[in-house]
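**Q** got a structure for you, letters missing:
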């Protein structure tokens with residue numbers, strides 16, 4: 001059977017089209033694979049970051065951070081003046097168990113406890129003792145409960161918890177209070193809770 005020139009041209013054209021189609025599909029597959037790989041890497045990075053730093057406004061995040069700081073301080077429970085918490089950092093002003101009149105600040109960020117910094121309290125050891133409380137006096141579950149209740153209690157539209165501090169309510173009384181700062185683009189309020197996490201006041 002004779003193969004006509006036209007037939008050869010059609011065959012060549014078909015092969016060329018198939019080749020182009022195959023190249024196009026290969027390119028699409030490569031792009032799709034690249035997109036999937038990027039999503040996997042991004043997702044994996046986010047999970048690693050979450051695992052390392054965690055959300056410190058949760059009881060689990062606080063427990064991990066406080067445990068790491070406690071090891072550095074060398075005391076469990078720590079005797080502290082104040083705890084300050086944000087979504088990505090937690091700091092504690094704690095006395096040195098080997099030097100009870102020395103107050104240091106320790107900070108936990110991105111899964112790491114930084115070096116301590118001395119806190120100047122004007123050598124007023126009486127005031128220092130009055131402000132101290134054991135970290136276990138306010139469970140992290142109570143702090144988390146206060147955080148969860150803060151935004152609804154503040155009645156701020158699109159509000160979010162910016163920071164939390166835990167300390168004695170001196171000079172008004174010696175109760176340990178959880179202060180939760182809620183903010184939005186247009187408003188800010190402080191929600192206060194007792195050591196059990198129950199909201200007591202919004203200012």
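**A** All right, it came through fine. From a predicted model like this one, the values you see are computed outputs, not experimental measurements.

**Q** Please report how far residue 193 lies from residue 58.
**A** Residue 193 sits 16 Å away from residue 58, going by C-beta to C-beta, to the nearest Å. (Each C-beta comes from the backbone N, C-alpha and C, glycine too.)

**Q** So for the two, which sits in the more crowded spot?
**A** residue 193 (25 against 16; other C-beta atoms under 10 Å).

**Q** How about that one, nearest residue that isn't a chain neighbour?
**A** Take residue 193 and drop its neighbours on the chain: the residue closest to it by C-beta to C-beta, 6 or more residues apart in numbering is residue 146, 3.7 Å away.

**Q** and that neighbour, what does it touch?
**A** Contact analysis of residue 146 by C-beta atoms under 8 Å, 6 or more residues apart in numbering lists 164, 178, 180, 191, 193, 197-199.

**Q** Those residues: which two are farthest apart?
**A** 164 and 198 (15.0 Å; C-beta to C-beta).

**Q** Counting neighbours, go ahead and name the busier of these two.
**A** residue 164 (25 against 12).

**Q** neighbouring contacts of the host helix or strand of the more buried one?
**A** If you go by DSSP states H and E, residue 164 is part of strand 160-168. For strand 160-168, the surrounding residues in contact (C-beta under 8 Å, 6+ apart) are 57, 81-87, 130-131, 133, 138, 143, 146-147, 150-151, 174-184, 188.

**Q** Give me the average confidence score over it.
**A** Strand 160-168 carries an average pLDDT of 98.

**Q** now that strand, how far from the centre of its chain.
**A** Computed by C-alpha atoms, centre = their mean, to the nearest Å, the chain-centroid distance of strand 160-168 equals 13 Å.

**Q** same deal with stretch 110-119?
**A** Distance, centroid of stretch 110-119 to centroid of chain: 16 Å (C-alpha atoms, centre = their mean).
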